[in-house]
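Colleague: coordinates for the following, if possible.
(chains A and B)
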Amino acid sequence: MGRLPLLIILLLLAVFLMPSAILACVLMVPSLVAFIVDRNKQRYLTMTVGLPNFCGILPALTSLWERGQTFDGAFSGIADPWNMMVAYSAAGFGWMVYFGVPVVVSSYLSISTEGKIKQVRKYQEDLVEAWGESVRQAARATASPEENENDE
Amino acid sequence: MPSYIKEIAAELDYLQHPVELDGKFELLPAEKLPEFQSPGTLAINAVSLKGQATPLLALVCQKEAAPRTATIRLMSRISCAVMLVPVGSGTVVFKEDNIRRFVVIFERPKGKRLVPQAGMSPSKFDEDDIIHGVIENLLPAFRELSSRTLTHRAIRPDNVFLTPDRRAILGEAVSTPAGYAQPVLYEPIDSGMASPSGRAEGTVLDDYYSFGVLIAELAMGGTLLDKKTDEQIIEAKIKLGSYGALVGQSRVPLKLMEPLRGLLSDDPYERWGIADLEMWANGRHLSPKQVPLPQKAVRSIAFAGKDYLTAPLLANSMRMHWAESKQLIAGDQLDSWIRRALSNDEMASLIKAAQQTGQALASTGSGDDRTASVAMMALDPSAPITYKTASVRVNGLAQAIALDFFQPGKLEQYLDIIRMKLPQAWVTSQVRTKPEFVAIIKQLESVEQSVKNMTAGYGMERAVYAGNEGWPCLSPLVGDNYVDDVKNLLPALEAMVAAGRIEGAPVDRHILAFSLKHLRGNQDALLKRLNDPFKRDVYNRASLRFLAEMQKQYSPEPLPALSAHMADLLIDAVETFNNTAFRKQLRDAVEKAKRDGQLTTLQMILDNAHIQDQDKLGFTQAQAMFTNLEAQATWLEKGGLVSDENVRMVSEKTSAVISAVCSGVALVIMTISWVL
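Modeller: Residues are numbered from 1 along each chain as shown, chains lettered A, B, ... in the order given. As a prediction, this is how the structure comes out:
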């Protein structure tokens, strides 16, 4: 599905569920910010922040729906600091994950590099054993022009 | 014995162990029978294993002058007391040298040969002995030959046996090609002019001519042509006619003059046959037509230091002086002699036409040779085809190719004869046409097709086997083995390889030409691979495929020596495989195939494009994979995995996943709590 039909559906939903839309818009401001600053095509940051943020607005939305989808209900929900705290804390969790994970990932990759190199070299040795030294020579022949180009 | 026939009796003196032939006869090579030896054979004792008490003799033949296998088959059905007919034949392997040889078995004739050795004249016979003991006694043999349209072609004094009661018995006629061992004296003029290899099967009329010469010799105790050279004999026969040359004015019994004139007639259409002989024997007097001698010219023509008055004599001399003949034809002297002295404009026109054709072929370099050959046909249409030193009867070309295959220079001449369509020219030159000419030309055209194709398996080698039924394989690779049956080819090669007498691939043009006559399926693609023996690897692989096909179709028994030999030739091919495990598997398989003697298995391993392609493809993929892994390793070693960009990329994905999982869990909890 293209973006335009999705936008139209969202707008229609917003029109019919205007109170809920107003409430969600206000409570999901962190996700909007994440969307704006996210430069990655895959929108990993938006996903990381948006998903917990959405979970965080669900209690406010259910409460609104229980009270009958009114603008009053929506504005009182917005004014409720509890709702704000829950939604923004959830978004904060997302941001925290986004900024905290690289430290862990970096450490993990540093540790696994040696193992991966060993694994690749072992696989290469297996190939040489199965097909002879000429496999290595042919690879060198292929690599050497590229190396020369790089050297130049 | 003629000098051109190889003597094998002394060579084979070492053969001692008895061998069986077809479970019917036992050959005893230790018991030699030189008195029954035919030219180019070894005569040994033989006994019947079926309990027949008749003394037998076996002639061991040679492949260089191969026996007449088709005639053996037909003659063995004859039952005739006055002619040696084969009672058995086939190939046997002698234990001493493990070589297969062709053997023909005969009942031993009673009596002795008319003359103990070839070239001698028989002593004079009484009139009664000749009439009753020779002519009348041999009539049943001629009757049998005539009724079956068979030829003997070996009627000569050293091949006629005389019983104690002075009755003649015709000797064997099948151990060498038809007429091959005949002295020129005993052959009609045209056959005598042809080289022994080119005399062809001929007709039974040739036998009657030989019989006439035999009677003349018996009646006179020799002939007027005794101690003459072959060329002098031919010249005298042409000049005086055969009867005039052999008998002349000599006194011969009056009663014998008629058959002598009839049998020695130089015109085959006038020569006596069985009907004439039988009528004469029954007392009816016939007067054979005198064949006119060649027309004499009003003045002679000088050629090669002699003067000639008739065209056939001149043609005969030209045959022996090829270079001078070309000069004579190129000049005006011959044309003017034919037109003015012989008054034969037609003959002159034929020579003129031959010159024009020759000029058209001048670019081939042999135009004047063709002109000389056709001019000789015009001068003497009854003479055989003559080209340089080759001289063959029109239907004897294929046999001549086979017999002279390894004679230096001969093959090229026979090739020229075929390419220049000289047999067709000879047929055109004939005054009287015969129905058999059509068949002869048809066969020659098929030979021409084989000869024109220079691919391995065709060429002159194919002409040998296509034109001579049952001719043995002449390949030097089978050595002295007599291989006339394709089933015996691989066993012969196996024996040769086992004896260490073959170094390279055991396939040559002869083996291909010989086998392809029998091999089923289209082998053209294989033959193309066998075209260039210098491309060793391709040739060896194709040879293996060919031998494997042969084994599959004809010799399913194991051939360990041949398999080991081919494996040794091609073992390098295994090393060209890239996959080491596969190489080991192949080496093991090759060893097994060598032990089992299975060429088919060996071929599937060593000449298999499919597994070679698979290996190449696998190697290419392995190379690509290795290169890829090398790039990966380099990237890792250069810190590609912990680079900022990679860490950021991985972290973003990881955080999205963690966030999604946590949100999912939270959503589930909230839903449960909301529901509850």
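Colleague: going forward, measure contacts between C-alpha atoms and count neighbours the same way
Modeller: OK.
Colleague: ok, the nearest residue to residue B:309 once chain neighbours are set aside - contacts?
Modeller: The spatially closest residue to residue B:309, leaving aside those adjacent along the chain, is residue B:300, at 4.6 Å (C-alpha to C-alpha, 6 or more residues apart in numbering or on different chains). By C-alpha atoms under 8 Å, 6 or more residues apart in numbering or on different chains, the contact list for residue B:300 reads B:307-310, B:341.
Colleague: pull out the buried residues from the residues you listed.
Modeller: Burial by neighbour count, 16 or more other C-alpha atoms under 10 Å in any protein chain shown: within the contacts of residue B:300 this picks out B:308-310, B:341.
Colleague: which phi and psi does residue B:27 have?
Modeller: Recorded main-chain torsions at residue B:27 are phi -90, psi 140, according to degrees, to the nearest 10.
Colleague: test my guess that it contacts residue B:19.
Modeller: Yes: the criterion here is C-alpha atoms under 8 Å, and residue B:27 meets it with residue B:19 at 5.3 Å.
Colleague: I'd say residue B:466 and residue B:447 touch.
Modeller: Yes: assessed by C-alpha under 8 Å, residue B:466 is found in contact with residue B:447 at 7.0 Å.
Colleague: between those two, who's got more neighbours?
Modeller: For residue B:466 and residue B:447, the more surrounded residue by other C-alpha atoms under 10 Å in any protein chain shown is residue B:447, and the numbers stand at 23 against 20.
Colleague: can you pull the buried residues of the helix or strand harbouring the more buried one?
Modeller: Per DSSP states H and E, residue B:447 falls inside helix B:436-452. Residues of helix B:436-452 classed as buried by neighbour count (16+ other C-alpha under 10 Å): B:437, B:440-441, B:443-445, B:447-451.
Colleague: can you find the helix or strand in chain A with the smallest mean pLDDT?
Modeller: helix A:133-151 (a mean of 65; mean pLDDT, DSSP states H and E).
Colleague: tell me who's in contact with the nearest residue to residue B:179 once chain neighbours are set aside.
Modeller: Once flanking residues are discounted, residue B:179 sits nearest to residue B:153: 4.8 Å by C-alpha to C-alpha, 6+ apart. By C-alpha under 8 Å, 6+ apart, the residues touching residue B:153 are B:173, B:178-179, B:182, B:201-202, B:204, B:206-207, B:210.
Colleague: burial count for residue B:400?
Modeller: Neighbour count for residue B:400, taken as other C-alpha under 10 Å: 26.
Colleague: now do residue B:80
Modeller: Close neighbours of residue B:80, defined as other C-alpha under 10 Å, add up to 17.
Colleague: tell me the contacts of it?
Modeller: Residue B:80 sits next to B:140-141, B:144 when contact means C-alpha under 8 Å, 6+ apart.
Colleague: ok, and the most crowded of these?
Modeller: Counting neighbours by other C-alpha under 10 Å, residue B:141 leads the contacts of residue B:80 with 20 neighbours.
Colleague: show the pLDDT at the closest residue in space to residue B:455 that isn't next to it in sequence.
Modeller: Leaving aside its sequence neighbours, residue B:455 sits nearest to residue B:531 (C-alpha to C-alpha, 6+ apart; 6.0 Å). Residue B:531 is assigned 87 on the pLDDT scale.
Colleague: right, and residue B:531 touches residue B:456 too?
Modeller: Yes: using C-alpha under 8 Å, residue B:531 is in contact with residue B:456, at 5.3 Å.
Colleague: more crowded one of these two?
Modeller: For residue B:531 versus residue B:456, neighbours defined as other C-alpha under 10 Å are more numerous around residue B:456 (23 against 18).
Colleague: give me the number of residues near residue B:125?
Modeller: 18.
Colleague: how about it, what does it touch?
Modeller: Here residue B:125 is in contact with B:218-221 (criterion: C-alpha under 8 Å, 6+ apart).
Colleague: checking my notes, residue B:201 in a helix, right?
Modeller: No: using DSSP: H, G, I helix; E, B strand; the rest coil, the secondary structure at residue B:201 is coil, not a helix.
Colleague: from what I see, it and residue B:179 are in contact.
Modeller: Yes: Residue B:201 lies in contact with residue B:179 (C-alpha under 8 Å); the separation is 7.4 Å.
Colleague: ok, residue B:27 and residue B:19, which is more surrounded?
Modeller: residue B:27 (27 against 17).
Colleague: ok, that one to chain A distance?
Modeller: Relative to chain A, residue B:27 is positioned 60 Å away (C-alpha to the nearest C-alpha, to the nearest Å).
Colleague: ditto for residue B:517
Modeller: Distance from residue B:517 to chain A, counting by C-alpha to the nearest C-alpha: 44 Å.
Colleague: and for residue B:46?
Modeller: Residue B:46 sits 64 Å away from chain A, going by C-alpha to the nearest C-alpha.
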